[in-house]
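Enquirer: Sequence first, then the predicted structure, then my questions.
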Amino acid sequence: MTSSGTNPPPSPASPGGGGSASAAWELLLPAVSAPARRRGRALQSALRDAVRSGRLPAGTRLPASRELAADLGVSRGLVTEAYEQLTAESYLRAGRGAGTWVSGAVRPAARVARDLSPRGPGARVDFRPGTPDLSLFPRSAWASAHRTVLDRLPHSSLGYPDPRGLPELRVALASLLTRRRGVVADPERVVVCSGVAQATTLLGFVLRERGATSVGVEDPGSPEHTSLFASTGLTTVPLPLDDDGLAVDPLLRSGVRAVVTTPAHQFPTGIAYSSGRRGELLDWARRTSGVIMEDDYDGDFRYDRAPVGALQGLDPEHVVYTGSVSKSLAPGLRLGWLIAPESMTDAVVARKRTMDLGNPAVDQAVLADFVAGGGYDRQLRRCQRAYRERRDAMTGALAAHFPGTRVSGISAGLHIIARLPERWGPQDEFLRRATAAGIALRPLSDCTAGGAKDSTIRLVLGYAHMAPSAIEHGVRLLAGAARRGPAPGPRRGA
């Protein structure tokens with residue numbers, strides 16, 4: 001008998017049958033210990049969760065409200081209200097004189113929250129490119145800017161923002177990019193984006209709306225461009241490079257009217273486009289009414305001289321300029337920018353509006369304060385010193401442990417291209433030995449349309465995310481793994 005002198009509620013494992021009340025209804029006890037004002041909502045939430053999770057399966061008959069109230073030590077009205085609310089939401093069903101039952105409308109929800117963010121392969125050493133040192137993120141300065149912004153941000157700024165971005169951020173970015181990168185930056189044409197990835201997608205949609213079916217991309221180049229443009233309905237046409245940059249003759253033969261470039265520091269080869277080639281590309285754009293997308297992904301990081309100015313500064317009506325804080329602050333901020341030609345700006349803004357209604361206002365305001373107050377310049381100088389030291393550590397370690405290695409590209413950015421001597425080849429065996437030793441590498445062939453052209457070992461080695469001592473240790477481990485001989489082939493029948 002229960003405390004109310006009635007029969008115990010049926011066990012959920014045996015719908016409609018008898019059994020101990022404790023098996024099913026103890027899961028509701030924490031809810032009734034909540035403060036009186038929140039007890040009703042807590043009981044509803046606990047009962048809803050029990051149905052959603054499957055602990056109270058479909059077809060389970062619930063005890064009468066009077067019985068359950070007595071068992072839980074709460075008022076009958078509280079239980080009645082919970083039953084009525086969950087019946088209205090279709091978690092329960094009730095009929096006159098038929099009692100209250102768990103409905104069949106609910107399907108148990110998956111409890112696992114997967115993390116789909118890009119992660120390393122769990123390697124002992126990860127030399128893959130593209131990741132800055134996230135420990136350099138200026139937490140104190142950013143937190144200070146955040147407090148300052150929240151203190152002064154007007155209530156109106158917390159509404160839906162201008163899809164181009166907050167005016168104060170667009171002004172700050174225009175000033176920054178004009179001063180540091182030689183960009184022609186009208187704040188009215190600056191569009192704040194969720195990184196260069198969204199800028200690329202925005203451009204792809206606009207090009208598609210204007211009749212384009214394909215876009216030229218550098219080969220070798222960033223593999224991400226192909227998937228981003230594919231999401232907008234465009235195909236990509238790989239275009240070869242030479243020592244000066246994107247080769248113009250293949251570009252002319254391709255028939256494309258838009259092309260993506262990384263002229264300040266080409267990814268992944270590491271070259272800087274020559275002055276002559278920059279001019280030839282602009283001539284192509286003017287003659288064909290073409291569009292050049294300039295991905296200035298790490299243009300601030302040049303170690304042997306002042307960075308070369310952006311291509312966009314020479315012809316802002318034919319070059320779409322894109323950049324972000326992913327390499328200078330952190331990719332997780334998802335803050336970047338696009339500066340479009342005047343003829344494309346309205347279309348880009350319209351697409352941005354329908355895509356997400358604009359970036360988070362508070363994050364934009366913090367970045368604006370950080371840029372205007374000089375914090376961003378200080379961060380760039382800090383990263384510049386750290387990454388230059390790490391590049392030196394990488395080239396020094398390669399010279400010590402892989403003598404004869406050729407490092408190509410300018411002294412800039414967050415990665416190098418290393419061509420190892422032939423005695424370390426072929427590349428497939430070298431990569432298998434590295435993987436077996438827990439060392440993650442990215443061969444240059446991963447960034448080319450046709451894959452590896454021969455067995456020569458060409459690696460795209462990232463160093464920005466590693467301390468100099470870790471770089472030297474990792475290269476030494478790689479050399480040790482490579483000396484152990486060919487990796488075993490696949491087992492028979494595998």
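Expert: Perfect, I can see it now.
Enquirer: Quick check on W337: phi, psi?
Expert: phi -150, psi 160 (degrees, to the nearest 10).
Enquirer: Let's see the pLDDT reported for it.
Expert: Looking at W337, its pLDDT is 98.
Enquirer: wait, what's in contact with T269?
Expert: By CB atoms under 8 Å, 6 or more residues apart in numbering, T269 lies in contact with 220, 241, 408-409, 417, 444. The C-beta positions use only the backbone N, C-alpha and C, and glycine is treated the same way.
Enquirer: Can you select the buried ones from those in ChimeraX?
Expert: Filtering the contacts of T269 down to the buried ones (16 or more other CB atoms under 10 Å) takes a single ChimeraX command:
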select :220,241,409,417,444
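Enquirer: Reformat the contacts of T269 as a markdown table; add distance to G276.
Expert: As requested, the contacts of T269 are exported to a markdown table (distance: CB to CB, whole Å):
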| residue | distance to G276 |
| --- | --- |
| P220 | 21 |
| L241 | 14 |
| S408 | 20 |
| G409 | 19 |
| I417 | 22 |
| L444 | 25 |
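Enquirer: Work out for me the element P57 sits within.
Expert: Using DSSP states H and E, P57 sits in no helix or strand.
Enquirer: try R277
Expert: helix 275-288.
Enquirer: immediately after that helix, which helix or strand?
Expert: Counting by DSSP H and E, what follows helix 275-288 is strand 291-295.
Enquirer: Now tell me what touches that following strand from outside.
Expert: So strand 291-295 is in contact with 196, 200, 203, 207, 215, 222, 257-263, 267, 281-282, 285, 310-312, 318-323, 341, 344, going by CB under 8 Å, 6+ apart.
Enquirer: in its sheet, what does that strand sit against?
Expert: Paired strands of strand 291-295, with direction, are strand 258-261 (parallel), strand 319-324 (parallel) (DSSP bridges).
Enquirer: Report the angle between it and helix 275-288.
Expert: Orientation check (axes from the mean of the first three to the mean of the last three CA atoms, to 10 degrees): strand 291-295 against helix 275-288 gives 140 degrees.
Enquirer: ok, and for strand 291-295, which residues are buried?
Expert: Buried residues in strand 291-295 (16+ other CB under 10 Å): 291-295.
Enquirer: Likewise for stretch 299-316?
Expert: Applying 16+ other CB under 10 Å to stretch 299-316 flags 299-303, 307-313, 315-316 as buried.
Enquirer: same thing with stretch 436-450?
Expert: 437, 439-445, 447-449.
Enquirer: same check, this time on stretch 186-205
Expert: Neighbour counts using 16+ other CB under 10 Å place 187, 189-205 of stretch 186-205 among the buried residues.
Enquirer: Then stretch 36-50?
Expert: Neighbour counts over stretch 36-50 (16+ other CB under 10 Å) mark 39-40, 42-44, 46-50 as buried.
Enquirer: CA atoms only: put that stretch into CSV for me.
Expert: The C-alpha trace of stretch 36-50 is given here as CSV (Å, rounded to 0.1, in the frame of the first residue of the first chain):
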residue,chain,number,x,y,z
ALA,A,36,8.1,25.9,-4.3
ARG,A,37,7.9,28.5,-7.0
ARG,A,38,9.8,26.2,-9.5
ARG,A,39,8.4,22.9,-8.3
GLY,A,40,5.6,22.7,-10.9
ARG,A,41,8.0,23.3,-13.9
ALA,A,42,10.6,21.0,-12.4
LEU,A,43,8.0,18.2,-12.2
GLN,A,44,6.9,18.8,-15.8
SER,A,45,10.5,18.8,-17.0
ALA,A,46,11.3,15.6,-15.1
LEU,A,47,8.3,13.8,-16.4
ARG,A,48,8.9,15.0,-19.9
ASP,A,49,12.5,13.9,-19.8
ALA,A,50,11.5,10.5,-18.5
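Enquirer: Quick one: mean pLDDT over stretch 179-195.
Expert: 97.
Enquirer: Distance from it to the middle of the chain?
Expert: 21 Å (CA atoms, centre = their mean, to the nearest Å).
Enquirer: so how far is the first residue of it from its last?
Expert: Terminal residues of stretch 179-195 are spaced 21 Å apart (CA to CA, to the nearest Å).
Enquirer: would you list every one of the strands in the stretch 351-494 of the chain?
Expert: Ranges of strands in the stretch 351-494 of the chain, per DSSP state E, counting those that start in this stretch, are 406-408, 415-419, 439-440, 458-462.
Enquirer: can you check the stretch 151-300 of the chain too?
Expert: Counting by DSSP E, counting those that start in this stretch, the strands of the stretch 151-300 of the chain are 190-193, 214-219, 235-242, 245-246, 258-261, 291-295.
Enquirer: Which of those strands sits closest to M355?
Expert: strand 190-193 (9.4 Å; CB to CB).
Enquirer: Adjacent strands (with direction) for that closest one?
Expert: Going by DSSP bridges, the partners of strand 190-193 are strand 336-339 (antiparallel).
Enquirer: And the contacts of the partner strand?
Expert: Residues outside strand 336-339 that contact it (CB under 8 Å, 6+ apart): 165, 173, 177, 183-186, 189-196, 198-199, 202-203, 312, 316, 320-326, 348.
Enquirer: Tell me the buried residues in the longest helix along the chain?
Expert: As assigned by DSSP state H, the longest helix anywhere in the chain is helix 375-401. Residues of helix 375-401 classed as buried: 375-376, 379-380, 383-384, 386-388, 390-391, 393-395, 397-398, 401 (neighbour count, 16+ other CB under 10 Å).
Enquirer: How about stretch 264-278?
Expert: 264-273, 277-278.
Enquirer: contacting residues for the closest residue to V184 other than its chain neighbours?
Expert: Computed as CB to CB, 6 or more residues apart in numbering, the closest residue to V184 that is not its neighbour in sequence is P316, at 4.1 Å. By CB under 8 Å, 6+ apart, the residues touching P316 are 183-184, 339, 341.
Enquirer: Adding neighbour count and distance to R147, write these out as a markdown table.
Expert: Shown next, in a markdown table, are these (neighbours: other CB atoms under 10 Å; distance: CB to CB, whole Å):
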| residue | neighbour count | distance to R147 |
| --- | --- | --- |
| V183 | 26 | 31 |
| V184 | 18 | 34 |
| I339 | 28 | 30 |
| P341 | 17 | 38 |
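Enquirer: any idea which of those is the one closest to A31?
Expert: Scanning the contacts of P316 for proximity to A31, where the rule is CB to CB, the winner is I339, at 54.6 Å.
Enquirer: Show me what the closest one bridges to in the sheet.
Expert: The partner residues for I339, given DSSP bridges, come to V190, Y321.
Enquirer: Cool, thanks, talk later.
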